[in-house]
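A.B. asks: Compute the structure for the input listed below.
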Amino acid sequence: MYKKKDLLILAALRNDARISLTDISKKTEIPISTIYERVQLFQQKLIKGYTALVDFSLFGFMARATIAIKANPSKKELLREYLFVHQNVNSLYRINNGYDFMIECVFKHVKELEEFLDVLDNRFKVKSRDVFYLIDDIKRESFLSNPHFIDMVIPHDHFY
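C.D. replies: Below is the predicted model of the structure:
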């Protein structure tokens with residue numbers, strides 16, 4: 001179990017992973033030494049990594065899509081390996097409800113994305129797929145980032 005102050009520290013990091021411990025202390029009124037200890041613990045057990053959210057369009061990558069894929073059972077593992085190493089696959093998830101994978105991919109042009117889909121269909125005999133072109137980011141990576149909502153997200157009886 002985590003304390004409420006842990007979630008306040010986590011919310012500050014979710015908002016800005018580069019925030020200084022001093023600034024976290026000012027925002028949360030938690031001593032810097034406590035924040036340092038908690039962040040060290042988080043890095044061992046809770047935080048999977050730090051990343052930058054990138055505007056890919058500034059590099060000319062204008063086509064983004066999320067694709068749900070139902071794999072051919074005999075090609076499922078090969079498809080997973082292919083998707084895992086493909087340079088245009090930004091995120092790969094195993095999902096349910098009749099699908100096997102969900103991928104978020106980024107391409108310079110829609111034509112390249114369509115060629116990628118053709119490869120999936122032809123090489124891996126994908127049973128079905130649903131493509132959702134991403135038009136605009138409206139909200140991204142915000143869960144547990146607002147300290148005002150911590151009490152609503154995690155009931156009081158889960159804090160110690």
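A.B. asks: As a check, name the ranges of all helices in the chain.
C.D. replies: 4-15, 21-28, 32-45, 76-85, 110-124, 150-153 (DSSP state H).
A.B. asks: which helices and strands does the first one pack with?
C.D. replies: Okay, so that is helix 4-15. Helices and strands touching helix 4-15, by 3 or more C-beta pairs under 8 Å, 6 or more residues apart in numbering; DSSP states H and E, are helix 21-28, helix 32-45, helix 150-153. C-beta: built from backbone N, CA, C; applies to glycine.
A.B. asks: follow-up on the earlier one: want to try a markdown table for the helices of the chain, with distance to Ile138, mean pLDDT and mean neighbour count as columns?
C.D. replies: Below are those laid out as a markdown table (distance: least, C-beta to C-beta, whole Å; pLDDT from 0 to 100; neighbours: other C-beta atoms under 10 Å):
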| stretch | distance to Ile138 | mean pLDDT | mean neighbour count |
| --- | --- | --- | --- |
| helix 4-15 | 17 | 92 | 20 |
| helix 21-28 | 25 | 96 | 16 |
| helix 32-45 | 28 | 94 | 14 |
| helix 76-85 | 26 | 98 | 14 |
| helix 110-124 | 21 | 97 | 14 |
| helix 150-153 | 20 | 76 | 12 |
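A.B. asks: So which of those helices is nearest Glu141?
C.D. replies: Counting by C-beta to C-beta, Glu141 lies closest to helix 4-15 out of the helices of the chain; the figure is 7.2 Å.
A.B. asks: can you give me the angle that closest one makes with helix 32-45?
C.D. replies: Put simply, helix 4-15 runs at 70 degrees to helix 32-45, going by axes from the mean of the first three to the mean of the last three C-alpha atoms, to 10 degrees.
A.B. asks: and helix 4-15, C-alpha only, in CSV?
C.D. replies: The C-alpha trace of helix 4-15 is given here as CSV (Å, rounded to 0.1, in the frame of the first residue of the first chain):
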residue,chain,number,x,y,z
LYS,A,4,-1.3,9.6,0.0
LYS,A,5,2.0,11.5,0.0
ASP,A,6,3.4,8.9,-2.3
LEU,A,7,0.6,9.6,-4.8
LEU,A,8,1.2,13.3,-4.5
ILE,A,9,4.8,12.7,-5.4
LEU,A,10,3.8,10.4,-8.2
ALA,A,11,1.3,13.0,-9.6
ALA,A,12,4.1,15.6,-9.7
LEU,A,13,6.3,13.2,-11.6
ARG,A,14,3.5,12.2,-14.0
ASN,A,15,3.0,15.9,-14.8
